[in-house]
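Asker: Just a sequence and a predicted model for now, questions to come.
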Amino acid sequence: MQSAKVAEGGVPPDVHMKLPPEKPSVKKTSPTLPPADAVSGTPNSSRAASGSPGKQVGIVLVAAVLVVVSLFVITSMSTQTGGSSDQAGAPDPFISEGPLPEQFAAREESLRSELAAAPSVEEQERIRRSIVDVYLSAARLDMAAQETREVAILTGAERDWVASGNMFYDWMETKPVAERSPWAVQAIASYREALAINPENNDVRTDMAIAYMYDPQNPMLAIQETNAVLERDSLHIQANFNRGIMLMQINRLDQAREQFERVKTLVGDTENPVYQRAVEALARLDGPAQ
């Protein structure tokens with residue numbers, strides 16, 4: 001039903017789930033709650049990850065408290081910085097993460113030579129997808145995301161734009177919170193392209209909303225896009241959970257409780273991990289005050 005961006009805080013790296021070959025991506029499940037001091041407003045970052053190729057249910061927990069609070073208090077800064085990931089028309093310049101490991105470089109060079117001589121768009125697409133596979137094998141999601149973006153430009157396919165956004169997002173998550181902005185902007189740009197093709201893709205919009213939390217020029221769009229999803233689909237579990245976490249971290253505790261109770265009702269199954277995370281969130285809200 002939904003993709004998953006599962007928030008930071010203890011998700012092991014080996015729970016990535018790859019999409020089918022034509023949709024290279026890495027997504028995760030198994031949501032976890034933010035640190036206990038998040039409710040009181042103490043800055044504390046946490047690691048986020050996501051989803052499933054089969055549109056499995058997932059949730060997002062927000063990262064640092066300061067980032068969440070910025071959704072509501074630094075909107076004016078957006079207008080002062082001039083420009084945004086949406087207004088610029090292109091993502092921020094790529095930040096080099098260093099060369100490809102030597103054992104993969106020869107294959108990349110060979111494929112690049114083939115690409116330069118490729119006689120058709122179809123052949124270029126095939127070769128670029130092979131290059132993506134090389135980058136994924138090297139665990140270089142940054143390079144894979146860039147190349148998948150080139151594939152998306154060739155194909156114009158929603159699935160390729162989504163895959164590019166997912167990989168930029170997942171690479172972003174390997175960075176400290178303070179260094180995530182450039183990758184968030186690139187993820188947003190790819191997600192925006194996908195939404196231009198299919199504006200009704202609530203899963204992509206929900207994932208994009210989390211990426212906006214790391215875009216210093218557009219932090220308010222995190223909550224706005226989450227609300228937009230809920231306006232279209234009030235039963236969207238991931239967006240409902242995300243909204244509860246956002247309310248929790250800005251100290252709107254009664255509203256947060258209502259949101260998590262709603263998630264429990266929507267899920268229904270007490271053995272479901274999402275249901276259990278909602279229970280944990282409610283316990284987090286009630287426990288410290290007692």
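Answerer: Arrived safely.
Asker: how does this protein divide into domains?
Answerer: Here the domain parsing of the chain from automatic domain parsing is 76-198, 227-257+265-290.
Asker: Quick one, which of these gets closest to Met213.
Answerer: The closest of these to Met213 is domain 76-198. By Cβ to Cβ, the value is 7.6 Å. (Each C-beta comes from the backbone N, C-alpha and C, glycine too.)
Asker: per-residue confidence averaged over the closest one?
Answerer: On average, the pLDDT along domain 76-198 is 86.
Asker: Can you check which of the domains of the chain gets nearest to Arg205?
Answerer: domain 227-257+265-290 (5.2 Å).
Asker: Could you find the closest non-adjacent residue to Tyr135?
Answerer: Leaving out its chain neighbours, the residue that sits closest to Tyr135 by Cβ to Cβ, 6 or more residues apart in numbering is Ala144, at 3.8 Å.
Asker: Give me the neighbour count for that neighbour.
Answerer: By other Cβ atoms under 10 Å, 27 other residues sit near Ala144.
Asker: cool, Phe241 as well?
Answerer: Counted by other Cβ under 10 Å, the residues lying close to Phe241 total 31.
Asker: do the same with Ala157
Answerer: Ala157 has 16 neighbours, counted by other Cβ under 10 Å.
Asker: State the distance from Arg249 to Leu154.
Answerer: Quick fix: residue 249 reads Gln, not Arg. Separation of Gln249 from Leu154 (Cβ to Cβ, to the nearest Å) stands at 41 Å.
Asker: isn't Trp161 right next to Ser190, touching?
Answerer: Yes. Counting by Cβ atoms under 8 Å, Trp161 touches Ser190, with 5.1 Å between them.
Asker: shared neighbours of those two, anything?
Answerer: 149, 152 (Cβ atoms under 8 Å, 6 or more residues apart in numbering).
Asker: what packs against the helix or strand in which Arg159 is found?
Answerer: Here Arg159 sits within helix 158-172, counting by DSSP states H and E. In terms of contacts (3 or more Cβ pairs under 8 Å, 6 or more residues apart in numbering; DSSP states H and E), helix 158-172 is packed against strand 26-27, strand 49-50, helix 141-155, helix 181-197, helix 202-212.
Asker: Mean neighbour count, the ones you listed: which tops it?
Answerer: Greatest average neighbour count among the helices and strands packed on helix 158-172 goes to strand 49-50 (a mean of 29), per mean count of other Cβ atoms under 10 Å.
Asker: Run through the strands of this protein in chain order.
Answerer: 5-6, 17-18, 26-27, 49-50 (DSSP state E).
Asker: right, and Leu285 touches Glu258 too?
Answerer: No. Look at Leu285 against Glu258 with Cβ under 8 Å: they stay out of range, at 10.8 Å.
Asker: Could you check which of those two has the larger neighbour count?
Answerer: More crowded of Leu285 and Glu258, by other Cβ under 10 Å: Leu285, with 18 against 12.
Asker: What pLDDT is listed against that one?
Answerer: Note on Leu285: pLDDT of 89.
Asker: Please tell me how far the residue lying closest to Leu136 once chain neighbours are set aside sits from Val263.
Answerer: Leaving out its chain neighbours, the residue that sits closest to Leu136 by Cβ to Cβ, 6+ apart is Ala144, at 5.1 Å. Relative to Val263, Ala144 is positioned 33 Å away (Cβ to Cβ).
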